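1. fold the following for me, if possible:
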Amino acid sequence: MIIFLYSIAAAAVLIYVPFLLVAYARVRIGYESFSTPRALFDKLPPYAQRATWAHQNTFEAFMVFAAAALMAYVTGVNSFTAQLAAIAFVVARLLYSIFYILNIPLLRSLMFAIGIFSSGTLFFLSIIQTSS
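-> Numbering: from 1, shown residues only. Reported below is the predicted structural model:
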């Protein structure tokens with residue numbers, strides 16, 4: 001069951017992976033002012049703009065997953081399916097960011113769906129666990 005906590009930690013780290021490319025792009029184009037970081041967005045190359053969107057979307061997906069994984073942990077879900085769902089979420093979200101940055105929409109959407117399905121699976125298994 002510790003896999004749920006590790007997967008939450010890994011998913012939290014993944015939030016910032018796309019932002020590393022954004023930071024790199026900001027340095028390359030010359031960061032003019034720390035007081036207006038959002039004004040720089042339009043000057044970023046397309047890959048860095050997509051990295052920004054991947055970064056923002058990962059925050060949203062993380063909140064749902066963290067709740068689902070914590071729910072599975074607290075309710076004592078201990079199945080291979082739940083562990084697989086937790087690992088699948090982390091892998092899918094890593095690939096989601098990569099496919100987003102590389103501008104491969106079909107694979108990005110597939111990874112998004114796998115992530116949502118993984119979170120839903122953890123919620124479902126938690127509810128089943130508490131009702132048995």
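
2. from residue 21, how far out is residue 87?
-> For residue 87, the distance to residue 21 equals 24 Å [Cβ to Cβ, to the nearest Å]. Just so you know, the C-beta spots here come from the backbone N, C-alpha and C atoms, and that holds for glycine as well.

3. these two: who's more crowded?
-> Neighbours per residue, other Cβ atoms under 10 Å: of residue 87 and residue 21, the larger number sits with residue 21, 20 against 15.

4. give the buried residues for the helix or strand bottoming out on mean pLDDT in the chain.
-> Least confident helix or strand, the chain: helix 17-29 with a mean of 87, by mean pLDDT, DSSP states H and E. Judged by neighbour count using 16 or more other Cβ atoms under 10 Å, the buried positions of helix 17-29 are 17-19, 21-22, 25-26.

5. what's the angle from the helix or strand following it to helix 17-29?
-> Downstream of helix 17-29, the first helix or strand assigned by DSSP states H and E is helix 46-75. Relative orientation of helix 46-75 versus helix 17-29 (axes from the mean of the first three to the mean of the last three Cα atoms, to 10 degrees): 160 degrees.

6. in helix 46-75, what's buried?
-> 47-52, 54-55, 57-58, 61-62, 64-66, 68-69, 71-73, 75.

7. which of the buried residues of helix 17-29 lies closest to residue 104?
-> residue 18 (14.3 Å; Cβ to Cβ).

8. list the contacts of that closest one.
-> 51-52, 54-55, 58, 97, 100-101 (Cβ atoms under 8 Å, 6 or more residues apart in numbering).

9. pLDDT and distance to residue 6 added to the residues you listed, as TSV?
-> TSV is the format used below for these (pLDDT from 0 to 100; distance: Cβ to Cβ, whole Å):
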residue	pLDDT	distance to residue 6
51	95	25
52	93	27
54	96	22
55	95	22
58	95	17
97	97	19
100	97	24
101	97	25
